[in-house]
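**Student:** Below are the sequence and a predicted model; questions follow.
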Amino acid sequence: CHTSRMATPKGKELAQNLPREELTHLILKLLQAWKEPLSHFNQHIEHHQELSDDSLSKAKQISNMVHELKTGVEKSMGIISNSLNGMASSEAAGLSISNEANLMSDSDFIHCFRRDSNKVQSYLKILKCRIMPENSC
């Protein structure tokens, strides 16, 4: 996975120990790291004639959701990260994604995206519990 070199907490307990700002920044870095690869993936699958319109539509929805989630995290947490917004996604993540992500097979790409999506979901749950502890987290 192109994000494998990105330092992320190994396990829920370590993620829970990260300060709120650091966890939010990590979420933004993961989301930003997927912006360009998802765009390339969408372009790639549009040329697969065997894929249904529904599959193509879902792929575009995922890209849009990643963008909206990144924007929502920035706004809701009150973080406008100039260093992330001013850089290309590969620079923001400190990764060389152009070759690595593009060379993955479709199944590897989806596996990596699912892995990172699960991380983002877990980190967001941790943040939600910190913000609204009444949710019995």
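**Tutor:** Structure received. Residues are numbered from 1 along each chain as shown.
**Student:** which residues in the protein form helices?
**Tutor:** In the chain, helices defined by DSSP state H lie at 12-17, 20-46, 53-76, 82-85, 89-93, 97-103, 106-131, listed in chain order.
**Student:** now the angle between helix 53-76 and the last one, please.
**Tutor:** In terms of direction (axes from the mean of the first three to the mean of the last three Cα atoms, to 10 degrees), helix 106-131 departs from helix 53-76 by 30 degrees.
**Student:** my guess is Arg20 meets Ile126, correct?
**Tutor:** No: with contact defined as Cβ atoms under 8 Å, Arg20 does not reach Ile126; the gap is 9.1 Å. (Glycine included, C-beta is placed from N, CA and C.)
**Student:** Just want to know which of the two has more residues nearby.
**Tutor:** Ranked by neighbour count (other Cβ atoms under 10 Å), Arg20 and Ile126 place Ile126 first, with 20 against 13.
**Student:** Val66 versus that one, what's the distance?
**Tutor:** 19 Å (Cβ to Cβ, to the nearest Å).
**Student:** so can I have a markdown table of the helices of the chain showing mean pLDDT?
**Tutor:** What follows is the helices of the chain, written out as a markdown table (pLDDT from 0 to 100):
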| stretch | mean pLDDT |
| --- | --- |
| helix 12-17 | 89 |
| helix 20-46 | 83 |
| helix 53-76 | 72 |
| helix 82-85 | 46 |
| helix 89-93 | 44 |
| helix 97-103 | 54 |
| helix 106-131 | 86 |
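**Student:** mind listing what's buried in stretch 125-137?
**Tutor:** By neighbour count on 16 or more other Cβ atoms under 10 Å, the buried set for stretch 125-137 is 126-127.
**Student:** do the same with stretch 116-127
**Tutor:** Buried, per 16+ other Cβ under 10 Å, within stretch 116-127: 116-117, 119-120, 122-124, 126-127.
**Student:** Kindly report the same for stretch 54-68.
**Tutor:** Residues 59, 62-63, 66-67 are the ones in stretch 54-68 that count as buried (16+ other Cβ under 10 Å).
**Student:** Closest to Met6 out of those residues?
**Tutor:** Val66 (15.6 Å; Cβ to Cβ).
**Student:** dump the residue contacts of the closest one.
**Tutor:** By Cβ atoms under 8 Å, 6 or more residues apart in numbering, Val66 lies in contact with 31, 34-35, 38.
**Student:** Having no further points to raise, I will conclude here.
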